[in-house]
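**Student:** Here is a sequence together with a model predicted from it:
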Amino acid sequence: MSEENPELMKRKALAFFDRADEVAETGNWDFAIEMYIEGIRRDPENLQRGHHKLREVALNRKAAGGKAPGWGEKSKHKPVKDNPVESLANAEFLLAKDWGNEQYLEKALLAAVQAAQGQVARWLGEQLIAVEREAKKPNKRVCVSGMDALMEAEQFDLALEMCRMAVQAAPDDSELQQKEARLSAQYTIMKGRYGEEGKDFTDSVKDMGYQTELMEKDATVKSKDYLQAQIEKAKAQYLESPDVPGKINAYVDALLKPEDDACENEAIEVLRKAYAETKAYAYKMRIGDIKSKQYGRRFRQLKAQGQTDKALKVAKEQLAFEIKEYQERAQNYPTDYGIKYELGRRLFMAGRYDDAIGALQQAQHNPRRRVNAANYLGQAFMKKEWWQEAIDTLTKLVESDLNEDRLKEIRYNLGECYEQLGELHKAEEQFSMLAQTDFNYKDVRDRLQQVRDKIKAAGTQGP
């Protein structure tokens, strides 16, 4: 494919992009993704018609309940040696089926850099940064990998941002701190060069107007005028074709971006109408997601205002609403173990441990949720004081591939279970391993000493 005339390739790509746009209008997200990927294979540098449109379709598909890629798709879309463009297309195919997956974003970024697609690499780097910002804790390995790739692509500002997130994930890593200092210096020098005589920013980034538009579209906080214009544009297209799924979801997406109650309530009405006419449950799920988001925003506002009692009341209302919501979803999608996990987690938070155990046991069938579901399951057994069942559940997790924080939590809980059963030497072993890893974790120092005092008082000896 790469040996064909470049102009011919671009014309072929446009044909695929045009077909993808047509298919997307009908809501056939999977076929639209395939068409966009074929276009990207032939014209990988076309950000606006290829990569941006692919992202829109991917988000619409995800909102409609589209599933992540299966084993067969993962096997088929692997990196291709000595063909970075094909590797980029394959990574973006998987990413489109699970938008926001940091592993697929990382692979796509690496392939874009290898394919010398600088602007594509920059765009993917921005997406990866957004994902890591939203994570509870940035993934150090992914951040370092992204940093290295963006440095190679000479996107020093983004590389610096990824380096800072890696430092956030590992604040004691002196090597990362040194890299941050060097990158900051490189970025300062690079910015300074734009002010030199005969040089300006447009020498490095062509079509400044288009780049400004991209940054405005992708910014986390957008101007009210821009957002309103996008809403009006999406509304006009929706009113022309109010029964087309793509138009419905695009209008709802636009209404949700301002994070405003009035706009969100309008989105709910649009979705209610679509659900009443089609009975497509995905629309009803989106209504639930919007309402849950509104609860969360109200809780944060009240908490920031110091109205703790009112905030707590809203949090309880949100939990009750979400339990009811996920119970209904589980009835509509009985084999979706991701939903079972979300239900089980909320039942646990509500103190409904018996119900939580049933849901979490099923949730373990989902490979992506297995560890988290088992961890909650073990804690649910602990709440019921079923210490042996908790031990059996948590011990299996210790043998899994866990991150450091999760492993510390599980060792602490195992120590608690063994102590409650009177198996003091096993409790000592868990607390000791935890203390050697993180001496300041919770009250592990006191717990370890407490167990050793009990062993000494009992006059027992270890095995």
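**Tutor:** Yep, it's here.

**Student:** shaky segments in this protein?
**Tutor:** The chain contains residues with pLDDT under 70 at 1-4, 185-223, 401, 460-463.

**Student:** any idea which element the spatially most central residue of it lies in?
**Tutor:** When the chain is reduced to its mean C-alpha position, the nearest residue by Cα atoms, centre = their mean turns out to be G100, at 4.7 Å. Counting by DSSP states H and E, no helix or strand carries G100.

**Student:** Equivalent analysis for the one 3 residues further on, please.
**Tutor:** In this assignment (DSSP H and E), Q103 forms part of helix 102-114.

**Student:** Domain ranges for this structure, per the record?
**Tutor:** With domains defined by automatic domain parsing, the chain comprises 6-194, 221-333, 335-390, 402-463.

**Student:** want to throw those domains into TSV with distance to K396?
**Tutor:** Heads up, the C-betas are built off the backbone N, CA and C, glycines and all. Formatted as TSV, these follow (distance: least, Cβ to Cβ, whole Å):
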stretch	distance to K396
domain 6-194	23
domain 221-333	24
domain 335-390	7
domain 402-463	10
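
**Student:** Show me how far the helix holding Q103 is from its chain's centre.
**Tutor:** Centroid displacement of helix 102-114 relative to its chain, using Cα atoms, centre = their mean, to the nearest Å, is 15 Å.

**Student:** mind listing what's buried in that helix?
**Tutor:** By neighbour count on 16 or more other Cβ atoms under 10 Å, the buried set for helix 102-114 is 102, 104-114.

**Student:** any idea which of the residues you listed is the one closest to I231?
**Tutor:** Nearest to I231 among the buried residues of helix 102-114 is L105, at 27.8 Å by Cβ to Cβ.

**Student:** Nearest residue to the closest one in space, please, no chain neighbours.
**Tutor:** Nearest non-adjacent residue to L105, counting by Cβ to Cβ, 6 or more residues apart in numbering: L128, 4.5 Å away.

**Student:** Secondary structure class of that neighbour, three-state.
**Tutor:** With DSSP: H, G, I helix; E, B strand; the rest coil as the basis, L128 sits in helix.

**Student:** what's the spacing between it and S184?
**Tutor:** Going from L128 to S184 by Cβ to Cβ, to the nearest Å gives 20 Å.

**Student:** higher neighbour count, the two?
**Tutor:** More crowded of L128 and S184, by other Cβ atoms under 10 Å: L128, with 28 against 14.

**Student:** Tell me who's in contact with the more buried one.
**Tutor:** 102, 105-106, 109, 142, 146, 162 (Cβ atoms under 8 Å, 6 or more residues apart in numbering).

**Student:** how about 10 Å then?
**Tutor:** Applying Cβ atoms under 10 Å, 6 or more residues apart in numbering to L128 gives the contacts 100, 102, 104-106, 108-109, 139, 142-143, 145-146, 149-150, 158, 161-162, 165.

**Student:** hmm, back to that, any figure for the gap between the residue nearest to the centre of the chain and R55?
**Tutor:** Distance, G100 to R55, using Cβ to Cβ: 10 Å.

**Student:** Identify the contacts common to these two.
**Tutor:** Contact criterion Cβ under 10 Å, 6+ apart; residues bridging G100 and R55 by contacting each: Q127.

**Student:** I'd like the next helix or strand past the one helix or strand E7 maps to.
**Tutor:** Applying DSSP H and E as the criterion places E7 in helix 6-25. Following helix 6-25 in sequence order, the next helix or strand is helix 29-42 (DSSP H and E).

**Student:** Would you mark the buried spots in that following helix?
**Tutor:** For helix 29-42, a neighbour-count test (16+ other Cβ under 10 Å) marks 29, 32-42 as buried.
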